[in-house]
Each structure stands twice: as structure tokens, then as C-alpha cells.
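Undergrad: Fold the following, please.
(2 chains)
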Amino acid sequence: MTDKILTQKNRVVRHGAMELIEHWAIALSGLILLLTGIFELPVGKRYYIIDIPGLGWSADFITSLYLHYAAALVFTAAAVFHVLYHGLRGEKELFPRKGDLSESVTVIKSLLGFGEEPPMGKYLPEQRLAYAGMALIILMLIVSGLVKTYKNIYAPDMSHGILLWATWLHNIGFILFFLAFLAHMAAIALRPNWPMVRGIFTGKVRLDYARHRHLLWIAGMEPEPQEPATVEEGERQLLPSGEEPVMKKTEEEDLPPEQVTQEENKE
Amino acid sequence: MKKEKDLKIGRRSFLKLTAGAAALSGMGLPEKSFAGTEQRLSTLIDLSLCDGCVDREIPACVGACKEINRDKIPQVIDPIPEPWPRKTIEDWSHKRNVSDRLTPYNFIYVHKADVRGAGRVRTIFVPRRCMHCDNPACATICPFSANHKHKNGAVVIDQDLCFGGAKCRDVCPWEIPQRQSGVGIYLNVLPGLMGNGVMYKCDLCVDRLTQGKLPGCIEACPREALLIGSRAAIEKAALSRATRINGYLYGKTQNGGTATLYVSPVPFEEINRTMIKKPGQPDMKINVERRMAGTDTLGKAVLAAPVLGLAAAAVAGVWRRIISRQEKAGREE
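TA: As a prediction, this is how the structure comes out:
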């Protein structure tokens, strides 16, 4: 557990370096796997992808296989590492809990402007559900991918029944993984989730955001700091330094650069 | 009369060989059944015996294959849906009689090679069909596993599972499989966007083998230039024949090894010179690498990846424990 409140910096450590490495190893290798997996279908020539500069190799199935294997090596090792490392440490924060489904509906409704979000822990209920779903998809892909790899190298004449199972699990897993990736991107496109994007790059999120949205997480961590660096939404009060730490101002830290510029220009 | 004499010699050679090689028991003989066995089979094509059936309208092997597979391809839909965006359609349904190249309706043809050497021209006839490779990329790389290598060595495309994407043809060094558009499972999915028919090629008459019959081409060959038998027996026979005629072998090492061995009295370089590679008419290059072999090392690393992840987790776990102990000791001090 690397979570830690950094009051003076208005940050909470949400992910340790190890978790960031795991996430990005899975994410980047997963993207390469998706792309080269698509190129293992005969689409390069048919859809003129080979004419796109830099993608001339897209119809060469053996080149795609080299890349697919290289990414699969990272993807599989990172997934096994993740399960064992966190499993042995008994970390269960991302496991779905009872009531996550109905709570997810409440959160999604609130994102659309209906009702209030319930108090939440480190992860949102839909994050826990998404984690379980993604874990299942990744398990499907890895197991079936290993069977297919074994077949490629050692047993082209393996049982056709087993091979058909592996093939279709892999193909369905590919579709689900692609959909899950789109859903993941859609989730971070929602403005209320933007502060978490910083977390997956730097490991830290804004403390005032965490207080506001992940109340149960912050409450369960450290004793309340004596002089909170942030304020409740709507209030304005001065920090000991005399600055104005309003929610709106700190929120700007998580906006994309161009949007910050636009908003500054308005002012 | 000459033909009769040749035939006798051919048959005598065959029988002599059969007697000479103990392992040849059952090789190419109809009464020996391969039914229900997982015995690895190979075939032998003896170019010193094949005469191209020049006295027939089409060679016997080609005719037998055509007859056996006459009704294999279902009725082609009319009109064939136009694929998008590349509009390639391959329709052989109106050219079923073509027999001088591979088509979805013709799985074997005979190439006539006029080989020049030692001041004369020697005509060699070369039956061409799928080589049934030992580790066939056409099968292993099929995205739907519609193409599969059977235990007996036959590489077979299941026409009910194939989408006709032609990956198998792209990765085959001889570009053997041929596409018929307008048939197959793709018609029931998104015919304009996905798939383009079904790929067809020789399946070594796998159904006939399970019934205890010989592949059609082998059964029909009047000169017994084509043989089938256990892998060991065919390899032994091929080597023995090649040695006896001071000849040459093809198919043993090409593309990582195949279940088809050609024996020729003339070098395959010479035969290959007479071949101009065209769609449905493969050449016979000597150096045919199995391209997928290059990926095997990385593939083995993938198979070891779970162990790598496990080891990394153990190391990281121990390291983390050491760090936290040090931190704890530091705090206590």
C-alpha cells in the first residue's frame, strides 16, 4: 500500500511506481496486441491499409506475428506478475463488492446530472466491476493465446476441437477487449473522471478532488490533517500562505492544456 | 507397345522396391487400410515414372481428383456479393473444366517440363498439388482454424468454417489454396465487409483415407508414379529410388519439411527453370524457407512468459519486504 496524503502539495499518492509500470505494460502491449491482432485478419490489402504510410507491413502476417508475440510476452508476464504480486500482498481493493452494480448505476446517473454520487472509496464501483470484467477477458486471451502459440510451434496437428475452442475464445476475447478499451477511453473522457487521469501518469491525484469524491478512501487513510490545504466546494478561504485554494482553481490543474488557455483567455 | 514396356518396367520397379524395403509393407496398396489410424502418412511422386498420361484427354490423377470433388463446392450464389472496398471476386464456377492449373475446382495438375541437358531435351511431367507441409503456415495462421493439419499429416480446409480471406494462399510458399467467391459461411455474416468465399485445395482425400481407400490421384495413376504410405516407409522408398536412379529429392526440407516427396531423374533446379510462377501454377524453387520458423524463438518466450511474471513477482515481493523492514527499522531508530 503506497497510498499517502501529501497535504502541502494538495496531492494523494494513489498508485505506486510498480502499479504504474504494470498498468502501462498491460496498456501499451495490449494496444500493440489489438493492432497486430487486427492485422492477423486479412484486412491490410482489402481495406487499403497497406497504402497508409508506415503501414505497408499490415498485410504481412508473419511480421504482425513477430510483433504480436513480442507484445504478448510483455502482456502475459505483466498480467501474471500483477495477480501474484498483489495477490500475495492480499490487496483486494479492486475486487467487486456487494452492491457495486446498483451503486454503479447511481454513479453513472449522477455523471449524467441526475442525483448525487454516493460516498466512494479509492475506486469507483464501476471501476471494480470493469476490473473484474477486464481480468476475465485478459485471462481468456492469455490462455487461448498460449494454446495457439503452442500449436504454432510444437503441435500444428493438435486436437482440432481444442484448437477451435482456443481460436474462438481468442477471437471473442479480442472483440471484448476492444470494446473494453473503448469503454475505458469513454470513462476517462467524462469530465468528473479527469482528475484520475493524472493519477495513472504521475501516481498522484489532487487531495481536494479525493476528499470530494473518494471520501471513504481518504477517511480510511491518515488522521485528518490539522490544516487542510483545500476547501469544501463553494467555500472560499485563504491558506496560511494567503493563496486562494478554491476548487475551481485546483480543477484547472487537471484540464487539458488548450482548455486551460481558453479559460484563462476568457478571464 | 513402347508404352506397355514402360509400364512393365514401372510396375516391376515398384514391386522390386516394395519387396526390397521391409518398411514398405502397405505402401500405396488399397488393401492396406489407413482408416481410423493416426499414423503419419507421406506420399511419393516419382517423376521417373509419371508420363503425364499424354494419351489421355487429361491425366488420370487430375481426372480422378475432379470426379471425386465434382460436387464438393456448393451452388455459387448469383450474383456474388461485391466485396468492399477492394472489389476482388474470384469465380471459377463457369470454368470448372480448367485442368492446367490449380483452381477451386481443380486440386492437381501436371506441369510439362522440357529439361535441356547433355545435348538433348528430356520431358518430365510434374504433378502439382498441396505439399501437406509438416508445419503448415496456411493452417497455423488461419484466423478461424478452418485450415488444420490432421494427425495423419493431411492439411485440410473445412469449407464450412472458411471465410475465404486467402491468408493461407498468401503465406503458402507455393500459393496453393484457391478461392471461390460466393460460397461459404461469410454469406451469412457480413458478405460485403468480411470474407470473400472459401479456399479450396487438395485434402489428401482425407475422407477416403478414413474409409480405408486411397487418395483418388494415387489410386488412378496407371503407372503407380504416385504412392502413399507411412512416413518412414515413403522416406525410405524415396531415398532408395533417388539413389538408384542417381536422382534428386524435393519436399523433404522445403518449407521446413513436407509430407510429399518428389523423386526426379533430373535436378529440380532444371525443372524449376521451366516453370514461370503464375496464379495457380507454382514454381519449384529449391530454397523454400519456413518463414514462421523465425517467430518460433519469440513464441517460446511467450510460452515462458507466465514463469517470467512469476519470477518477477517473487523478486519484487522480496524486495518490497526488505524495503519496508528497512523503513520500519529507520522509524524505530
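Undergrad: Number of residues surrounding B:R291?
TA: 18 (other Cβ atoms under 10 Å in any protein chain shown). C-beta coordinates here come from the backbone N, C-alpha and C atoms, glycine included.
Undergrad: right, I mislabeled it, should have said A:A186
TA: A:A186, neighbours per other Cβ under 10 Å, totals 10.
Undergrad: For my notes, confirm it occurs in a strand.
TA: No. Counting by DSSP: H, G, I helix; E, B strand; the rest coil, one finds A:A186 to be helix, located in no strand.
Undergrad: Retrieve the pLDDT associated with it.
TA: On the pLDDT scale, A:A186 is placed at 94.
Undergrad: Look up how far chain B lies from it.
TA: Note on A:A186: its distance to chain B, by Cβ to the nearest Cβ, to the nearest Å, is 24 Å.
Undergrad: Quick check: that residue vs A:A130, distance?
TA: A:A186 sits 11 Å away from A:A130, going by Cβ to Cβ, to the nearest Å.
Undergrad: which residues touch whichever residue of the stretch 101-250 of chain B sits closest to chain A?
TA: Across the stretch 101-250 of chain B, no residue is closer to chain A than B:G165, which sits at 3.5 Å (Cβ to the nearest Cβ). By Cβ atoms under 8 Å, 6 or more residues apart in numbering or on different chains, B:G165 lies in contact with A:L41, A:P42, B:P143, B:G195, B:N196.
Undergrad: Residues of the stretch 201-333 of chain B that sit close to chain A?
TA: B:291-292, B:294-296, B:298-303, B:305-306, B:308-310, B:312-314, B:316-317, B:320 (Cβ under 8 Å from any Cβ of the partner chain).
Undergrad: can you give me the strands in chain B?
TA: Remark: strands assigned in chain B by DSSP state E are B:41-46, B:109-117, B:120-128, B:147-149, B:155-157, B:178-180, B:198-200, B:226-230, B:248-250, B:260-264.
Undergrad: low-scoring pLDDT stretches of the stretch 151-267 of chain A, where are they?
TA: A:222-249, A:256-267 (pLDDT under 70).
Undergrad: mind checking the SS state of A:E116?
TA: coil.
Undergrad: For it, give me the pLDDT.
TA: 88.
Undergrad: surely it meets A:V107?
TA: No. In this structure, A:E116 is not within contact of A:V107 by Cβ atoms under 8 Å, at 9.9 Å.
Undergrad: Can you pick out the residue with more neighbours from those two?
TA: When A:E116 and A:V107 are compared for neighbours, A:V107 comes out ahead with 21 against 9, by other Cβ under 10 Å.
Undergrad: residues from the stretch 1-150 of chain A in reach of chain B?
TA: Checking the stretch 1-150 of chain A against chain B by Cβ under 8 Å from any Cβ, the hits are A:18, A:40-42, A:45-48, A:59, A:61-62, A:65-66, A:69-70, A:72-73, A:75-82, A:84-85, A:88-89, A:145-146, A:149-150.
Undergrad: Spatially nearest residue to A:F178 (excluding sequence neighbours)?
TA: Of all residues not flanking A:F178 in the chain, A:L34 sits nearest, at 6.0 Å (Cβ to Cβ, 6 or more residues apart in numbering or on different chains).
Undergrad: Just give me the neighbour total for that neighbour.
TA: 16.
Undergrad: cool, and A:T2?
TA: Counted with other Cβ under 10 Å, A:T2 comes out at 12.
Undergrad: just checking, it touches A:G16?
TA: Yes. Contact status for A:T2 versus A:G16: in contact at 3.4 Å, counting by Cβ under 8 Å.
Undergrad: joint contacts of the two?
TA: With Cβ under 8 Å, 6+ apart as the test, A:T2 and A:G16 both reach A:G203.
Undergrad: farthest-separated two in the contacts of B:G165?
TA: B:P143 and B:N196 (13.5 Å; Cβ to Cβ).
Undergrad: from chain A, which residue is nearest to chain B?
TA: Closest point on chain A to chain B, by Cβ to the nearest Cβ, is A:V80, at 2.9 Å.
Undergrad: Quick check: that residue touching B:A314?
TA: No. Using Cβ under 8 Å, A:V80 is not in contact with B:A314, being 11.1 Å away.
Undergrad: Who has more neighbours out of the two?
TA: A:V80 (20 against 14).
Undergrad: how many neighbours does the residue nearest to that one when sequence neighbours are not counted have?
TA: Of all residues not flanking A:V80 in the chain, B:G309 sits nearest, at 2.9 Å (Cβ to Cβ, 6+ apart). For B:G309, the count of nearby residues is 23 (other Cβ under 10 Å).
Undergrad: Check what pLDDT B:G299 gets.
TA: For B:G299, the predicted pLDDT is 98.
Undergrad: Ok, B:K8 next?
TA: 35.
Undergrad: Is the residue sitting furthest away from the middle of chain A in a helix, a strand, or coil?
TA: Using Cα atoms, centre = their mean, the residue of chain A lying farthest from its centre is A:D157. It sits 38.6 Å away. Following three-state DSSP, A:D157 is assigned to coil.
Undergrad: What of A:K92?
TA: A:K92 ends up coil, using three-state DSSP.
Undergrad: now the strand or helix carrying A:F177, how far from the chain's geometric center?
TA: For A:F177, the host element (DSSP states H and E) is helix A:160-189. Remark: helix A:160-189 is offset 16 Å from the chain centroid, using Cα atoms, centre = their mean, to the nearest Å.
Undergrad: Many thanks, I have nothing further to ask.
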